[in-house]
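Peer 1: next come a sequence and a model predicted from it.
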Amino acid sequence: MPRSQKSMTEQDMVCRLFGVALESITDGPGIRFAIFAQGCPHFCHGCHNPESHDFRGGYEYDADELIRKILSDPLLDGVTFSGGEPFMQAEEFAYIARAVRSSKRNIICYSGYTWEELLEQADTRPGWHEMISLTDILIDGRYDNNQKSMDLRFRGSRNQRAIDVQKSLKTGEITLFDL
Ligand code: SF4
């Protein structure tokens, strides 16, 4: 959308995407709009989306257009950020997450960073604090092919945790979410 058509409250936020799934039932509980970030620094052996690693790949997409699509679908329970690595575009994804949570939908975020790494680096990485604070469930950690399991719901390897972010922030202790 051209800049001149933006409203006063909208910003020029552009995401670099690997892809989207409009009504996914495989990226977390319920019906979800899944947004796959382009670009990943982790290079996990056995990654299912190796085409998502190149930070110059994928395509650009207006964040407000994504928000409009999400808010216009009454079937959605929430939005899932996956990748690629969503935290490499934390300001853009936090911008989307803010609008999604205002509409009473929830946010699941996949990250190759562990919960501990995210908290350790949050002070120096733009948007990380906000992204963390706007997330309901974090699936954390790199995919480990040696710990691959087909029995896990919405996770690829046993080291990855489903973390209840809001409870964990409140108590200061990691609280796992029962998926
Ligand atoms: S963090 Fe995810 S997208 Fe990145 S290499 Fe690992 S499995 Fe692939």
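Peer 2: It's in. Please read these numbers as outputs of a predicted model, since none were measured by experiment.
Peer 1: got the buried residues for the longest helix along the chain?
Peer 2: In the chain, taking DSSP state H as the definition, the longest helix is helix 90-102. Of the residues in helix 90-102, those buried under the neighbour-count criterion (16 or more other Cβ atoms under 10 Å) are 90-97, 99-101. C-betas here are computed from N, CA, C, even on glycine.
Peer 1: what is the burial count for residue 146?
Peer 2: Summarising burial for residue 146: neighbours were counted as other Cβ atoms under 10 Å, giving 9.
Peer 1: hmm, back to that, packing partners of the longest helix of the chain?
Peer 2: In this structure, helix 90-102 packs against strand 14-24, strand 32-37, helix 63-71, strand 78-82, strand 106-111, helix 128-133, with contacts taken as 3 or more Cβ pairs under 8 Å, 6 or more residues apart in numbering; DSSP states H and E.
Peer 1: list of residues touching the very next helix or strand once past the last one?
Peer 2: The reference is to helix 128-133. Remark: after helix 128-133, the chain's next helix or strand is strand 137-140, criterion DSSP states H and E. Identification of contacts with strand 137-140 by Cβ atoms under 8 Å, 6 or more residues apart in numbering yields 28, 106-111, 113-115, 118, 132, 154-155, 160-165, 177, 179.
Peer 1: return the distance of stretch 108-127 from the chain's centre.
Peer 2: Shown here is stretch 108-127, whose average C-alpha point lies 11 Å from the average C-alpha point of the whole chain (Cα atoms, centre = their mean, to the nearest Å).
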